[in-house]
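Asker: sequence and computational prediction follow.
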Amino acid sequence: AGVCLDVETRWNSTYLMLESALKLKRGFDMLAVEDDKYILELGKLDGVPTQSDWDYATAYTPILKFFYDATLKVSATRFVTGNAYLKEIF
């Protein structure tokens with residue numbers, strides 16, 4: 001298992017990225033303590049994830065999952081989905 005990367009043009013990838021990152025949180029925490037290169041590389045960007053970052057990820061992931069699941073339902077190609085999106089929205 002690994003972390004899915006976010007893709008700007010596919011917002012569902014944000015859900016997949018956060019979901020996989022949350023599963024690997026302990027690994028990220030260990031890297032921050034044990035691997036100087038990890039801190040150096042992320043320091044070039046926004047830094048290592050803070051507790052606040054993890055809290056936001058935990059809060060937003062269930063919300064994004066709702067939209068992820070709805071998108072999968074209405075994006076299906078093997079059956080009619082035109083009526084399915086109304087249940088998800090209303």
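Answerer: Here it is on my side, so go on.
Asker: what about the spatially most central residue of the chain, which helix or strand?
Answerer: The centre of the chain sits closest to residue 18, judged by C-alpha atoms, centre = their mean, with a distance of 2.4 Å. Using DSSP states H and E, residue 18 maps to helix 12-23.
Asker: tell me what that helix is packed against?
Answerer: Where contact means 3 or more C-beta pairs under 8 Å, 6 or more residues apart in numbering; DSSP states H and E, helix 12-23 is packed against helix 51-74. C-betas here are computed from N, CA, C, even on glycine.
Asker: mind checking the pLDDT average for the helix it packs on?
Answerer: Mean pLDDT, helix 51-74: 92.
Asker: output the contacting helices and strands for that helix.
Answerer: Partner elements for helix 51-74 (3+ C-beta pairs under 8 Å, 6+ apart): helix 12-23, helix 84-89.
Asker: export that helix to PDB, keeping only CA atoms.
Answerer: In PDB, the C-alpha atoms belonging to helix 51-74 read as follows (Å, rounded to 0.1, in the frame of the first residue of the first chain):
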ATOM      1  CA  GLN A  51      -1.400  17.800  14.000                       C
ATOM      2  CA  SER A  52      -3.700  20.400  12.600                       C
ATOM      3  CA  ASP A  53      -3.200  19.000   9.100                       C
ATOM      4  CA  TRP A  54      -4.100  15.500  10.400                       C
ATOM      5  CA  ASP A  55      -7.200  16.900  12.100                       C
ATOM      6  CA  TYR A  56      -8.400  18.600   8.900                       C
ATOM      7  CA  ALA A  57      -7.700  15.400   6.900                       C
ATOM      8  CA  THR A  58      -9.700  13.400   9.500                       C
ATOM      9  CA  ALA A  59     -12.600  15.900   9.400                       C
ATOM     10  CA  TYR A  60     -12.800  16.300   5.600                       C
ATOM     11  CA  THR A  61     -12.300  12.600   4.500                       C
ATOM     12  CA  PRO A  62     -15.800  11.500   5.400                       C
ATOM     13  CA  ILE A  63     -17.300  14.500   3.500                       C
ATOM     14  CA  LEU A  64     -15.200  13.700   0.500                       C
ATOM     15  CA  LYS A  65     -16.100  10.100   0.700                       C
ATOM     16  CA  PHE A  66     -19.800  11.000   0.200                       C
ATOM     17  CA  PHE A  67     -18.900  12.800  -3.100                       C
ATOM     18  CA  TYR A  68     -16.500  10.000  -4.100                       C
ATOM     19  CA  ASP A  69     -19.200   7.400  -3.700                       C
ATOM     20  CA  ALA A  70     -21.800   9.500  -5.600                       C
ATOM     21  CA  THR A  71     -19.400  10.100  -8.400                       C
ATOM     22  CA  LEU A  72     -18.700   6.400  -8.800                       C
ATOM     23  CA  LYS A  73     -22.400   5.700  -9.000                       C
ATOM     24  CA  VAL A  74     -23.200   8.300 -11.700                       C
END
